[in-house]
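Asker: Give me the fold of what follows.
(one chain, ligands or ions: 1)
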Amino acid sequence: MLAALDWYRAAGVDLAVVETPVDRFAASAAAPRGRPAVAPTPQPAMPRAAEPAAAPPVTISLNADPSETRALAAGAQTLDELRAVMDAYDGCLLKKRATQLCFADGNPDAEIMLVGEGPGEQEDLTGKPFVGRGGQLLDRMLAAIGLDRTKVYIANMVPWRPPGNRNPTPEELALCAPFLHRQVELVAPKLLVTLGNVPTQALFETSLGITRMRGQWKTLSINSVTVPALPTLHPAYLLRTPASKAMAWQDMLSLKRAMQENSVAG
Ligand code: URA
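Answerer: Model prediction:
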């Protein structure tokens with residue numbers, strides 16, 4: 001039973017909707033079978049007497065409006081203010097399932113900013129981006145070119161964990177993007193690196209996949225900031241596909257060269 005619960009939790013099933021189990025198989029077995037000859041007959045109401053009242057469903061408008069997050073983000077004059085505004089924001093469904101806000105890690109004065117996709121399980125528990133196995137690999141990749149978290153700033157496209165580590169939906173990305181954009185503006189990095197498909201497609205506004213985009217520097221304009229940006233492979237992908245580490249190494253070397261060309265301290 002514990003193993004089953006653990007499996008559910010890892011898959012993102014972490015909220016009890018009712019207090020006692022409901023046997024949906026019994027209900028569907030009791031329903032009439034076969035195609036109705038003329039018109040659909042109304043289904044018999046499910047016996048509700050023994051069923052406790054369901055908790056109110058967590059809802060969010062399907063076309064939630066990013067203009068709210070844009071205005072909130074624009075009003076934040078410092079990273080601390082932005083963190084507080086994001087912590088208080090309740091409009092993103094992801095927040096309701098997450099343990100806490102995962103705002104950023106690293107040095108806010110850094111000249112290099114890395115952008116990931118969204119917190120995973122460990123990041124959700126600690127409130128810091130890239131602290132799980134992928135994060136440890138990222139640390140080793142950075143160390144290989146003389147960097148560590150005192151020299152970079154790390155944030156994610158969405159600051160709350162998507163249940164079961166699924167990709168954030170386009171709507172969640174649209175809602176949270178103004179927060180990330182404002183972070184870029186407040187940090188004003190000299191170089192930016194996107195880690196994997198999700199931040200690459202979101203920030204470069206492209207449908208091209210990361211394997212097509214990686215390794216190529218492009219200029220990104222985000223609010224008032226214009227910054228050279230390099231897409232590279234996501235560390236979690238590298239863990240699953242170690243043969244791709246050679247490409248990631250090429251990208252790290254390219255970052256190192258760009259640091260020298262842009263007088264970024266390593
Ligand atoms: N993957 C991400 O994209 N970000 C994290 O913070 C952790 C894993």
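Asker: mind listing what the residue in the stretch 51-200 of the chain positioned nearest to the ligand touches?
Answerer: When distances are taken as Cβ to the nearest ligand atom, the stretch 51-200 of the chain reaches nearest to the ligand at Gly116, 2.9 Å away. C-beta coordinates here come from the backbone N, C-alpha and C atoms, glycine included. Gly116 is in contact with 129-130, 154-157, 195-196, 199, 234, counting by Cβ atoms under 8 Å, 6 or more residues apart in numbering.
Asker: Just the buried positions in the host helix or strand of Met86, please.
Answerer: Met86 is part of helix 79-88, with elements assigned from DSSP states H and E. Residues of helix 79-88 classed as buried under the neighbour-count rule (16 or more other Cβ atoms under 10 Å) are 79, 82-83, 85-86.
Asker: how about Arg214, phi and psi?
Answerer: Reported as degrees, to the nearest 10, the phi and psi values for Arg214 are phi -60, psi 150.
Asker: Quick check: residues of the chain near the ligand?
Answerer: 116-120, 123, 129-130, 134-135, 156, 195, 236 (Cβ under 6 Å from any ligand atom).
Asker: Find the residue at the geometric middle of the protein.
Answerer: For the chain, the residue whose C-alpha lies nearest the mean C-alpha position (Cα atoms, centre = their mean) is Gly118; its distance is 2.0 Å.
Asker: does that one count as helix, strand or coil?
Answerer: When classified by DSSP: H, G, I helix; E, B strand; the rest coil, Gly118 comes out as coil.
Asker: Quick check: it vs Val152, distance?
Answerer: From Gly118 across to Val152, the span is 18 Å (Cβ to Cβ, to the nearest Å).
Asker: and if you look at Leu142?
Answerer: Separation of Leu142 from Val152 (Cβ to Cβ): 7 Å.
Asker: Tell me which stretches of the protein form helices.
Answerer: For the chain, helices defined by DSSP state H occupy the ranges 2-10, 24-30, 66-75, 79-88, 93-97, 121-126, 133-144, 170-187, 197-204, 210-213, 235-240, 245-261.
Asker: which secondary structure elements does the fifth one contact?
Answerer: Okay, so that is helix 93-97. helix 170-187 (3 or more Cβ pairs under 8 Å, 6 or more residues apart in numbering; DSSP states H and E).
Asker: next one: the shortest one
Answerer: Here helix 210-213 is seen to pack against helix 197-204, strand 225-232 when contacts are counted using 3+ Cβ pairs under 8 Å, 6+ apart.
Asker: Nearest to Gly146 among those would be which one?
Answerer: Closest to Gly146 of the helices and strands packed on helix 210-213, according to Cβ to Cβ: strand 225-232, at 16.4 Å.
Asker: Outside of that closest one itself, list whatever touches it.
Answerer: Strand 225-232 is contacted from outside by 113, 184-185, 188-195, 200, 203-204, 210, 213-220, 248, 251-252, 254-255, 258, 262, using Cβ under 8 Å, 6+ apart.
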